[in-house]
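Asker: Sequence and predicted structure below; questions after.
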Amino acid sequence: MPELPEVEVIRRGLAARLVGRRFLKVSASDKPLRQQSPLSFLQSRLAGNRLTAVKRKGKYLLFILEDGSTLLVHLGMTGRLMVGEPGALATLPHVHLRVSLDNGLELVFQDVRRFGRVLLFEPGVPIAPLAQVGRDPFSRAVTAAWLAGEARGRLRPLKNFLLDGRILAGLGNIYACEILFAAGLHPETPAGRLSLKDWERVLKETRRILAKAIRRGGTTVNDYLNSQGETGLFQFELMVYGRAGEPCRVCGTPIRRLVQAGRSTFFCPACQKLKRRGRQNITTKTPRH
DNA sequence: CACCCCACCTGCGTGC
DNA sequence: TGCACGCAGGTGGGGT
């Protein structure tokens, strides 16, 4: 479900309402998430512990606790984190974790498909899943030259490159499609064939689109709700995602759908031309190790 | 290595 | 109405 903008909107909502609160009791459903710390471990570490910050890395949320432990949450496809009155949340289906707070409210993790992850790390324990997470698109460490270096020599389609969270963290299927449209690049272009100018455009549009989506509260196509149960608004600004057969908002050409690495890609065949030929970029690649 | 496929789940819309 | 099928904001293990 959620990509960087949705996770960031949730992070801000939770930070505003939860930082400084103590967690009290924890309960879980009988159905496990894809990955989840044992309930007894969550209970023993969280009970009485105060939340000092809510951070984000890629699509991961990190709840930093005052004793130095970290609760790592990934929402998968359909995960939601919501805060509210226990009475109002009591009847929600598919709630897999409930945590009561010292102000009488409750934090719940709801996840229909159970692709989500909730893992607790004690102080000093390395947070293994984060080792695979790439750079945040807003980080100053992300530049057009760096992207060009990462893509150098790679034949994989640009769309798949953008979806690889070990490089750029936080892009998912919706925003990858929207970024490629905004940059005027065909999703099947081999990543290594982009020029530095292309990468400058990709990076500029990535930041512009993600920032705007955050301002709009994220994209609700189907399931996404923020921590207060509200939908986003960016779905009204989508140019290509989910619009197969509909006219391009720029040129009127019907939007096309194709499948790449098992996932739908939406693009305008007129606005996004495939560069079959083109200069290989010659940026020096920084060694990975 | 680089890259793709597929499984992991549940629900919903479509077409027969 | 029922049923089969395809599809869905993600990830990572295993295979080529």
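Answerer: Happy to help now that I have it.
Asker: pretty sure A:Arg56 belongs to a strand, no?
Answerer: Yes: assignment of A:Arg56 by DSSP: H, G, I helix; E, B strand; the rest coil places it within a strand.
Asker: near DNA strand C, which residues of the stretch 151-289 of chain A show up?
Answerer: A:163, A:165, A:172-174, A:218-224, A:262-264 (C-beta under 7 Å from any atom of the strand). Where C-beta positions appear, they are placed from N, C-alpha and C, glycine not excepted.
Asker: which one of these is nearest DNA strand C?
Answerer: A:Gly172 (2.1 Å; C-beta to the nearest atom of the strand).
Asker: Show me where the stretch 151-289 of chain A has its strands.
Answerer: Using DSSP state E, counting those that start in this stretch, the strands of the stretch 151-289 of chain A run over A:256-260, A:263-267.
Asker: now the strands: where do they sit in the stretch 1-150 of chain A?
Answerer: A:23-28, A:35-36, A:51-57, A:60-65, A:70-74, A:79-84, A:95-101, A:106-111, A:117-121.
Asker: Let me know which of those is the nearest to DNA strand B.
Answerer: Going by C-beta to the nearest atom of the strand, the one of the strands of the stretch 1-150 of chain A nearest DNA strand B is strand A:106-111, 9.0 Å.
Asker: How about the closest one and DNA strand C, any contact?
Answerer: No: Strand A:106-111 is not in contact with DNA strand C by C-beta under 7 Å from any atom of the strand; minimum separation 11.2 Å.
Asker: count of neighbours near the closest residue to DNA strand B within the stretch 1-150 of chain A?
Answerer: Here the stretch 1-150 of chain A gets closest to DNA strand B at one residue, A:Arg113, 3.2 Å apart by C-beta to the nearest atom of the strand. When neighbours are defined as other C-beta atoms under 10 Å, A:Arg113 has 14 of them.
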